[in-house]
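>>> I would like to see how this sequence folds:
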Amino acid sequence: MDRMTLLVLGMVAIGPCACSASTGAEPVAISHSPQLRKWQVFVSEASRRFRLPQTWIYAVIDAESRGKTMLDGRPITSRAGAMGLM
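This is a model prediction of the structure:
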């Protein structure tokens, strides 16, 4: 696998940590923009593997990165050095 695929899978793998607490909040509809739709294969795999609803995974990706991983041809990196969708 290439580096980007491993990075995406790694970030999807930590999704349960971000989604494990129950807040009692109402579900929010996520529009699957082209930026999010391109990750469908990985979201489906993570949903099956970790037994999480795809909508939860999409919600975290949408909140964290809007599905974007690159800016001006370079990987987007936080001030803390984090990279990826989530």
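>>> what stretches of the protein score poorly on pLDDT?
Applying pLDDT under 70 to the chain flags residues 1-4, 6-7, 11-31.
>>> can you give me the strands in it?
70-71, 74-75 (DSSP state E).
>>> you'd agree A46 is up against L52?
Yes. Using C-beta atoms under 8 Å, A46 makes contact with L52 at a distance of 6.9 Å. Just so you know, the C-beta spots here come from the backbone N, C-alpha and C atoms, and that holds for glycine as well.
>>> Which one's more surrounded, those two?
A46 (24 against 18; other C-beta atoms under 10 Å).
>>> if I look at that one, how far off is M86?
A46 sits 10 Å away from M86, taking C-beta to C-beta, to the nearest Å as the criterion.
>>> cool, R51 as well?
Taken as C-beta to C-beta, the span from R51 to M86 is 17 Å.
>>> Same drill for these two, tell me which one is more crowded.
Taking neighbours as other C-beta under 10 Å, R51 and M86 compare with M86 leading, 21 against 8.
>>> Pretty sure the more buried one sits against E64.
Yes. Using C-beta under 8 Å, M86 is in contact with E64, at 4.9 Å.
>>> JSON lines for the strands of the chain, including mean neighbour count and distance to T5?
Listed next are those as JSON lines, based on neighbours: other C-beta atoms under 10 Å; distance: least, C-beta to C-beta, whole Å:
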{"stretch": "strand 70-71", "mean neighbour count": "9", "distance to T5": "14"}
{"stretch": "strand 74-75", "mean neighbour count": "10", "distance to T5": "13"}
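>>> Can you lay out the ones you listed as JSON lines showing distance to R37?
Output for the strands of the chain, formatted as JSON lines (distance: least, C-beta to C-beta, whole Å):
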{"stretch": "strand 70-71", "distance to R37": "16"}
{"stretch": "strand 74-75", "distance to R37": "20"}
